[in-house]
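# Please work out how this folds:
(2 chains)
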Protein chains: 2
Amino acid sequence: MLYIIGLGLCDEKDITMRGLEAVKSSSRVYLEAYTSILMVQKERLEAFYGKDLILADRDMVETESDEILRDADTQDVSLLVVGDPFGATTHTDMILRARALKIPTRIIHNASIMNAIGACGLALYNFGQSVSLVFFTETWKPDSFYDRIKENADLGLHTLVLLDIKVKEQSEENLARGRKIYEPPRYMTIPQAVSQLIEIEALRQSGTLSAEKTLAVGMSRVGGGDEHQRIVCGTLAELQAHPVDAFGEPLHSLVIVGKRLHPLEVEFAEDFAVNRGTWQGVAESVYGCASSQQ
Amino acid sequence: MLYIIGLGLCDEKDITMRGLEAVKSSSRVYLEAYTSILMVQKERLEAFYGKDLILADRDMVETESDEILRDADTQDVSLLVVGDPFGATTHTDMILRARALKIPTRIIHNASIMNAIGACGLALYNFGQSVSLVFFTETWKPDSFYDRIKENADLGLHTLVLLDIKVKEQSEENLARGRKIYEPPRYMTIPQAVSQLIEIEALRQSGTLSAEKTLAVGMSRVGGGDEHQRIVCGTLAELQAHPVDAFGEPLHSLVIVGKRLHPLEVEFAEDFAVNRGTWQGVAESVYGCASSQQ
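Numbers count the residues shown, from 1 in each chain, chains lettered A, B, ... in the order given. I've put the predicted structure just below:
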C-alpha cells in the first residue's frame, strides 16, 4: 500500500492517529520537502515517529516515482506531505502511476491552508478561486493572478493568495557551472506581496485593488496557536507599511477581502487590526458592512 | 483554555496527536452533534479517547455557550467538531464569547470537506465559492445556490455542492404538541441533489446546467479509504439515473465540473465514470478537454 499522508500545518503533533499508524507500519517513509514548509526539522519528526525519513525533493517525487513505489505492492510505503495531499499541490501524478502499477493507495487527509485559512474569521463559503503570487524579478512579473482576483472581487468573494517560497534555488552562476550549491530559502512576506499587488493594479487600473479602500487579512503560521500564529488585518496600505517582524515567522498568507463581508467577520478580525478605526471605517464606508460591535 | 478540535471526516483515528493530547487534558469534553456526521458513534470515540463525551446539540452550542465555557479560564475544556472548526460551519460566535470572557482559545485544525474534496482529482485552485443545497419541499424550493453555481460556471470554475442533512427533525404534529420526538435522520443523496439542480435549471433556463452536457463528480464518505469512500462521475443525467446504493453510505457530496478542466483531471476520474466513453466524450466535445490517456 502507498500511503500519502497529510502532516497538517505546524509540527510533528499535527499528524493524525491514522497517519501515525501508517508511518509506523511502513518499511520506507518519504518526506516531501518542496511543496511547503513545516515549522519543524526532519530530525524532530524522526524522533517523534520513531522512523528514519528519506527526504524527497521535487526531482525525486516527479522523476523517481517508481523508486518511491518500489515494493509498495507487498509492503507499506508512506509519502509525507505538508498540509493535505490534495491541497495546493496535488499528487495525482503519483496516484495515477501507482494505479498503473496496480499498487493500492490510501490518502490520509489533514488540514491545509486551503481550509485552515478560515481561522481568520472569514467564511470559507465566500472564498472564490485561490491564486498564487510568485516573486517578481526585474524582467519577469507574471500577473495572471490579477485577473482571478478581479473575477472574485466582481462577485464580492474573498481571495486566498498563496505566497511564493523559494527553496533549493541555484544562482545563475552555480546553475551554469553545474554546481549543486543552493541559495538560502526565501519566503514572500505579506508586505512584499501587497507591494506586488499594488504594482500590478497601477499597471492595470481596473480599480479592483485600492491601497486605501481594499481590506486584507495577513496570516502567518496558520494553526500554530497563539505562540506562533499571527493575524494582522487592515487596508493594503496599512499592511504594506506595517513592520515585517510584526507579521511573525514564515509562512505568510494573504486574504483579499471581498464585498460579501458580514458584520460578524468584521467584528472577529477587529482585534487584529493595524488600526481598529480604519478597519471598521473602511468596512462600513466602502464595504457597507458595520461591525456588529459598533 | 477552550480547545476547539477538528475531528476530521471519518472516525476516531482521524484526530491529530495534538487534538488527542488536548482531549486527554480536558476536564470536560463536548461533542458537537449537529453540523455534520462522523461515521462512528459517540461510544467508540469515548472508548478511544478514554473520556466521557457530553453531546452538544445545536441548541446547546448556540444558547448555552456560557455553560460550555464554564471554568475554562482555569481548566481545559474541549469542544469536538466534525471536520475543521472553520469548515462549513464556523465557530466564530463561540470564540467571540470566549474572548469577551477573557478565556484563551486554541483551534486545532483538521481536514474538512472544503479541502478533502480534492480527492476527486479536481484541483482545489479551480473551485469557486461553495454552495449548500437543502431538501426541497412542495412549497419551499430555495434556489439561490443556482446563481452561485452560474457565477462559478461562467468563470469556468468547479462548484462544491454540500448536501443537506436533517437530524433531530420534529414532525409538524410533534412540534405543535411540544413533544420532543424526533424523526430518523435524513441525508440528501447525489441523485436527489441532481434532480433538484435539474428542476431549478428547468425553471431558470440559463443553460448553466445540462443533463447531458454538464459533468459532475459524486463522492461519499470522503477520506474513508477504499472500504468506505466512493467516487462516481458522469453527466448529470447519468448520476441521476445511477442506483443510489452504488454511491455508498452518507454523507454524499457533489462537484459540478467547470470548463477549466485539465486533461489530468479527466484521466484521474475516468476510472470512476458511470460510463467511461460518455465521460471522455463530453469532456472532449463540450469541455474541449481530452483525457491525457486517449
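
# A:L162 belongs to a strand, doesn't it?
Yes. The assignment for A:L162 is a strand, going by DSSP: H, G, I helix; E, B strand; the rest coil.

# Can I get stretch A:131-144 in PDB, CA atoms only?
What follows is stretch A:131-144, C-alpha atoms only, in PDB (Å, rounded to 0.1, in the frame of the first residue of the first chain):
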ATOM      1  CA  VAL A 131      -4.300  32.400  -6.500                       C
ATOM      2  CA  SER A 132      -0.500  32.100  -6.200                       C
ATOM      3  CA  LEU A 133       1.800  35.000  -6.200                       C
ATOM      4  CA  VAL A 134       5.400  34.400  -7.300                       C
ATOM      5  CA  PHE A 135       8.400  36.600  -6.600                       C
ATOM      6  CA  PHE A 136       8.700  39.300  -9.300                       C
ATOM      7  CA  THR A 137      12.100  39.900 -10.800                       C
ATOM      8  CA  GLU A 138      13.200  42.900 -12.900                       C
ATOM      9  CA  THR A 139      12.200  41.200 -16.100                       C
ATOM     10  CA  TRP A 140       9.500  38.700 -15.000                       C
ATOM     11  CA  LYS A 141       6.300  39.900 -13.400                       C
ATOM     12  CA  PRO A 142       3.600  37.300 -14.200                       C
ATOM     13  CA  ASP A 143       0.300  38.900 -13.400                       C
ATOM     14  CA  SER A 144      -2.400  36.400 -14.300                       C
END
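
# Sort out which residues of that stretch are buried, please.
A:V131, A:L133, A:V134, A:F135, A:F136 (16 or more other CB atoms under 10 Å in any protein chain shown). To be clear about C-beta, it is placed using only N, CA and C from the backbone, and glycine gets the same treatment.

# cool, stretch A:233-245 as well?
For stretch A:233-245, burial by neighbour count (16+ other CB under 10 Å) applies to A:C233, A:G234, A:T235, A:L236, A:A237, A:E238, A:L239, A:Q240, A:H242.

# quick one, helices of chain A?
For chain A, the helices defined by DSSP state H cover A:17-25, A:42-49, A:58-63, A:65-69, A:92-100, A:113-116, A:144-154, A:172-176, A:190-204, A:236-241, A:263-270, A:276-285.

# In terms of mean pLDDT, which of those helices ranks lowest?
Per-segment mean pLDDT for the helices of chain A reaches its minimum on helix A:58-63, at a mean of 79.

# Contact partners for A:F86?
With contact set as CB atoms under 8 Å, 6 or more residues apart in numbering or on different chains, A:F86 has these partners: A:I107, A:H109, A:S112, B:N115, B:A116, B:G118, B:A119, B:L124.

# Can you tell me how far it is from A:I4?
Distance of A:F86 to A:I4, given as CB to CB, to the nearest Å: 9 Å.

# Check the contact lists of these two and give me the overlap.
Shared contacts of A:F86 and A:I4 (CB under 8 Å, 6+ apart): A:I107.

# picking up where we left off before, reformat the helices of chain A into a markdown table and put distance to B:L53 next to each item.
As requested, the helices of chain A are exported to a markdown table (distance: least, CB to CB, whole Å):
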| stretch | distance to B:L53 |
| --- | --- |
| helix A:17-25 | 17 |
| helix A:42-49 | 27 |
| helix A:58-63 | 40 |
| helix A:65-69 | 39 |
| helix A:92-100 | 35 |
| helix A:113-116 | 24 |
| helix A:144-154 | 39 |
| helix A:172-176 | 57 |
| helix A:190-204 | 39 |
| helix A:236-241 | 41 |
| helix A:263-270 | 27 |
| helix A:276-285 | 38 |
